[in-house]
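1. need a structure here:
(2 chains)
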Amino acid sequence: MRFNSRDFSNNKVVLDVRDLSVRLPNQPQVAPILNQVSLQIRAGETACLVGESGSGKSVTSLAVMGLLPKDALRVTGGGITLSGRNLLELTQKEMRAARARNMAMIFQEPMTALNPVMRVGDQIEEVLKVHGDLPQKARQERVLAIMEQVHLPDVRRVYASYPHQLSGGQRQRIMIAMALILEPELLIADEPTTALDVTTQGQILKLIAELQEKQDTAVLFITHDMGVVAEIADSVHVMKDGQVVEQAPVEQLLRQPREDYTRKLLKAVPSLIPRQERPETLSEPESQGEKVLQVQKLRKVYGGRGFFRRGEGTLAAEDVSFAITRGRTLGIVGESGSGKSTVARCVMRLIEPTDGQIVVAGSEIAQLSRQALRPHRRHIQIVFQDPFRSLNPRWKVGRSLVEGPVNYGASRQEAMQQAGDLMELVGLPREALGRYPHQFSGGQRQRIAIARAVAMKPDVLVADEAVSALDVSIQAQVLELLADIQEKLGVAILFITHDLRVAAQICDDILVMQNGKIVEYGPAGDVLANPRDAYTRALTDAAPGRGWDFANFRELQSA
Amino acid sequence: MEKAVQPASSSQWLLGALSLPRRWRLGAAPIIAGLLLLAIVLATLLAPLFVTHDPLAMEATKRLQPPSSEYLLGTDPYGRDMFSRVFYGGRVSLLIGVGAALVSIALGLIIGLIAGFFRTADAIIMRIMDSLMAIPAILLAIALVALSGASIGSVIIAITIPEIPRVVRLVRSVVLSAREEPYVEAATALGSSMPKILIQHLMPNTMAPLIVQGTYICASAILIEAILSFLGAGVSTEIPTWGNIMAEGRSYFQLNPGLIFWPGLMLSLCILSINLIGDTARDLLDPRLKKREA
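-> Next up is the predicted model:
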């Protein structure tokens, strides 16, 4: 693994944040949101700001940009200097000018950051129009030039496109073009690749590095992904609870982290090396090898046949076949649009499969009517990605947990008793049954969602990106919980994920999908270590920080 | 393991702490509107206790009197006491307003839930609703009154029918977006029956927008009632309603402007305060607004 760790001590300091504190106005008793944050970035340097959600990464960047929500947060101490100018003393108007000329920002979700009813070329040109006095013709040429620089294909066509006509990666390129067209000294990138697929992410990271080199920009890169940090950072600032707990050049931080918190963060990064293969032995030998879920030639076409519509429809999954035995985990891996979620939802019969067979616990369910299906639903349960939306916000947790068992004839009392046991199983207190979902953190809600699914004593548990929305340390805990539950209850898990690291840690078998088709299917060790298919290889190659064993602070030994 | 009560992050905590006081910080307008509406409702309900005359008693010798200590707001062309009639008139108007709002919301909710949840029913129901929306309330009222005679019931029906599609559309749109929520899908996976999902998971989502919509229907029903009465297509002219009083006073408006002014003022204040309350309810209940705060 080759790290950046370039030496910038001769370059001038572009951004200098000193003892920056941010607080809630008029609430001195509440702990500060940012507590004496200091960091320096020199020209050409990439500084990564890492930390879990709520650590103050984004507040730091917003404070630098002068974009703190006005009444909600206030800078109460310290200073922010950009190339010798104190940003905190600027007027609104001067700040607005500085925001495009001297510093610029790109965001996580390029779709919402772009104006949906304006051609993207005009949006880039707008930046020039507001901050400069180039004539129309020169402006347009400048826009086309920067679009070339961010490697957009067919720039004249893209210039006249609306945001929805572009892919996520292209939209992020447009955002980067907008940010860098005035050649600012400082670029702030707030999780710019988190919403992108891993192969696109690699390209965008490369692009940012390339333009940075060309313009000698200082980059403040906010991320929660240690893999990305290892790829691009020169220096790393680890934040926790509004404080910078550790600052170091990237290699030093990854090899010899000083702080316990940094160590904990790094240890939580799942390794790309598949875990030890598990023998297929179970406590009850008679159930050994029992296939609890079998899918044969599953096909799903969206749209198509309709009363007024005719035509092909969109093929979302075709010829998908797999099987899971009791107590084992099958991972479906793929990028967005690969059809992995479609398969999960078909298997759950949340959407209607177009064709094929789905056998759950011995019964064929693909063609059953809604009514006939209900008795079979208890055998297969699902945990969703977004813990904030998967529990009814108006219901106490207890009510959510007993909903399923009561549907299948349990008395409320009995079900409540069992729900209490389940809460303890997932590591939450029994009393929490009487609380509402908003009183829990994301990780806790995901535990509740798991408890709700397990309450049905299912044979198969479908986890649809169940840990993708969680911080790494919480993610590690939830993965552990799933493994624990699997061991205790012998449930089979169908694990849908885009994250190869997660898949490597939990799956016995892995199925790789691309464009609705299976490209590779086999034991996790084989698929990840010796991918046969070109696409699988591209996926594993694109995983950021793949050469580094984060948890052991050293290069990956066997890869 | 994180502690149970502690919210996810400091920033969430911060916004939670801020939103509470802000949610209850009402401006002066809704409070004044609330008090005004309360006063109007109480005054019309308690009218028998304080009015000075029988609102229906005619006295031929006392036609079109100016305001005096006996007739506080003067008398109408038939010698009836305007003060009494204005307050009694509010009873029918408010009854029709509240009645029309409740009926259209109840029916609209049921139809909307079904349309939102069942794809096949949706197409049929919504086309029927489109055609109902094309019926002008006033023409329908005139037709109904011509068929069945003037009564409070036929006025409520005439107002309700064109309002129902609006409620149905509202409920349907809420259900359409809520049914995609993972917690509704989870309920399906847990084997909950369709009626259970509809009533326990989806219906509560519609309540906030329905309360808001209800206030607007109430206000517009009171107005339509007044228009219908003014046109002579409303309740029987003997019963005082704000619309009726104005209709009868129309020809003598120049002699005694109070004939139009007082019922008109009550009507306007009533509508204004209901609408202000509706706006405030929307501000408090609107999920988009809540998202900005929480």
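2. Counting neighbours, which bits of stretch B:147-165 end up buried?
-> Across stretch B:147-165, burial judged by 16 or more other C-beta atoms under 10 Å in any protein chain shown covers B:150, B:152, B:154-165. Bear in mind the C-beta positions are built from the backbone N, C-alpha and C, glycine included.
3. I misspoke; the intended subject was stretch A:168-181.
-> A:168-181.
4. average pLDDT for stretch A:21-34?
-> Regarding stretch A:21-34, the rounded mean pLDDT is 85.
5. follow-up on the earlier one: now, which of the buried residues of stretch A:168-181 sits nearest chain B?
-> Chain B has its nearest neighbour among the buried residues of stretch A:168-181 in A:Gly168, at 20.9 Å by C-beta to the nearest C-beta.
6. need the contact list for that closest one.
-> A:110-111, A:195-197, A:200, A:336 (C-beta atoms under 8 Å, 6 or more residues apart in numbering or on different chains).
7. and which of these is nearest to B:Ile125?
-> B:Ile125 has its nearest neighbour among those in A:Met111, at 33.4 Å by C-beta to C-beta.
8. Could I get the pLDDT score of that closest one?
-> pLDDT, A:Met111: 77.
9. Touching, it and A:Arg171? I think so.
-> Yes - under the criterion of C-beta atoms under 8 Å, A:Met111 makes contact with A:Arg171 at 6.1 Å.
10. Report the set of residues contacting both of these two.
-> Common neighbours of A:Met111 and A:Arg171 (C-beta under 8 Å, 6+ apart) are A:Pro163.
11. Just the ones in strands from the buried residues of stretch A:168-181, please.
-> Taking DSSP state E, every one of those sits outside strands.
12. Next, B:Tyr78: secondary structure please.
-> With DSSP: H, G, I helix; E, B strand; the rest coil as the basis, B:Tyr78 sits in coil.
13. Next one: it relative to B:Glu59, how far apart?
-> From B:Tyr78 across to B:Glu59, the span is 8 Å (C-beta to C-beta, to the nearest Å).
14. And B:Val212, by the same measure?
-> 45 Å.
15. If you count surrounding residues, which of the two has more?
-> B:Val212 (21 against 14; other C-beta atoms under 10 Å in any protein chain shown).
16. residues contacting that one?
-> Going by C-beta under 8 Å, 6+ apart, the list of residues near B:Val212 reads B:278, B:281-282, B:285.
17. Please apply the same query to B:Thr44.
-> B:87-91, B:94.
18. out of those residues, which touch chain A?
-> By C-beta under 8 Å from any C-beta of the partner chain, no member of those lies near chain A.
19. so which of these is the most crowded?
-> Most surrounded of the contacts of B:Thr44: other C-beta under 10 Å gives B:Gly89, at 28 neighbours.
20. Give me the helices and strands touching the strand or helix carrying it, please.
-> Following DSSP states H and E, one finds B:Gly89 within helix B:82-117. If you count contacts as 3 or more C-beta pairs under 8 Å, 6 or more residues apart in numbering or on different chains; DSSP states H and E, helix B:82-117 packs onto helix B:28-45, helix B:47-50, helix B:119-133, helix B:152-178, helix B:203-231, helix B:242-249, helix B:258-285.
21. before we move on, the earlier item: would you mind giving the contacts of B:Thr44 as a markdown table with pLDDT added?
-> Shown next, in a markdown table, are the contacts of B:Thr44 (pLDDT from 0 to 100):
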| residue | pLDDT |
| --- | --- |
| B:Phe87 | 90 |
| B:Tyr88 | 89 |
| B:Gly89 | 87 |
| B:Gly90 | 88 |
| B:Arg91 | 90 |
| B:Leu94 | 91 |
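22. Between those residues, which sits nearest A:Asp71?
-> Distances from A:Asp71 to the contacts of B:Thr44, taken by C-beta to C-beta, are shortest for B:Leu94, at 40.4 Å.
23. Dump the buried residues of stretch B:147-165 to TSV, plus distance to chain A.
-> Below are these laid out as TSV (distance: C-beta to the nearest C-beta, whole Å):
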residue	distance to chain A
B:Ala150	44
B:Ile152	37
B:Ser154	38
B:Val155	37
B:Ile156	32
B:Ile157	34
B:Ala158	35
B:Ile159	32
B:Thr160	29
B:Ile161	28
B:Pro162	28
B:Glu163	27
B:Ile164	26
B:Pro165	22
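24. Mind putting the residues you listed into TSV with pLDDT?
-> TSV is the format used below for the buried residues of stretch B:147-165 (pLDDT from 0 to 100):
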residue	pLDDT
B:Ala150	77
B:Ile152	85
B:Ser154	86
B:Val155	86
B:Ile156	89
B:Ile157	89
B:Ala158	86
B:Ile159	87
B:Thr160	91
B:Ile161	89
B:Pro162	88
B:Glu163	91
B:Ile164	93
B:Pro165	94
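25. tell me the two of the residues you listed that are most distant?
-> Pairwise over the buried residues of stretch B:147-165, using C-beta to C-beta, the maximum falls at B:Ala150 and B:Pro165, 25.0 Å.
26. got any ranges where chain A has weak pLDDT?
-> A:1, A:5, A:279-289, A:304-312, A:558-559 (pLDDT under 70).
27. For the residue of it found nearest chain B, the count of nearby residues, please.
-> Nearest to chain B in chain A, going by C-beta to the nearest C-beta, is A:Gly54, at a distance of 2.4 Å. Using other C-beta under 10 Å, the number of residues around A:Gly54 comes to 23.
28. Then B:Glu238?
-> Neighbours of B:Glu238 (other C-beta under 10 Å): 8.
29. Show me what the helix or strand hosting A:Phe322 is packed up against.
-> If you go by DSSP H and E, A:Phe322 is part of strand A:314-325. Secondary-structure packing of strand A:314-325 (3+ C-beta pairs under 8 Å, 6+ apart): strand A:291-302, helix A:340-347, strand A:492-497, strand A:509-514, strand A:517-523.
30. can you redo these as CSV with distance to A:Val158?
-> Converted to CSV, those look like this (distance: least, C-beta to C-beta, whole Å):
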stretch, distance to A:Val158
strand A:291-302, 27
helix A:340-347, 29
strand A:492-497, 32
strand A:509-514, 25
strand A:517-523, 29
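31. As JSON lines, the ones you listed with distance to A:Asp133 and mean neighbour count would be great.
-> Conversion of these to JSON lines gives the following (distance: least, C-beta to C-beta, whole Å; neighbours: other C-beta atoms under 10 Å in any protein chain shown):
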{"stretch": "strand A:291-302", "distance to A:Asp133": "50", "mean neighbour count": "18"}
{"stretch": "helix A:340-347", "distance to A:Asp133": "50", "mean neighbour count": "24"}
{"stretch": "strand A:492-497", "distance to A:Asp133": "51", "mean neighbour count": "25"}
{"stretch": "strand A:509-514", "distance to A:Asp133": "49", "mean neighbour count": "24"}
{"stretch": "strand A:517-523", "distance to A:Asp133": "53", "mean neighbour count": "18"}
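32. could these go into JSON lines alongside distance to chain B?
-> Compiled in JSON lines, those are given as follows (distance: least, C-beta to the nearest C-beta, whole Å):
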{"stretch": "strand A:291-302", "distance to chain B": "14"}
{"stretch": "helix A:340-347", "distance to chain B": "8"}
{"stretch": "strand A:492-497", "distance to chain B": "13"}
{"stretch": "strand A:509-514", "distance to chain B": "21"}
{"stretch": "strand A:517-523", "distance to chain B": "24"}
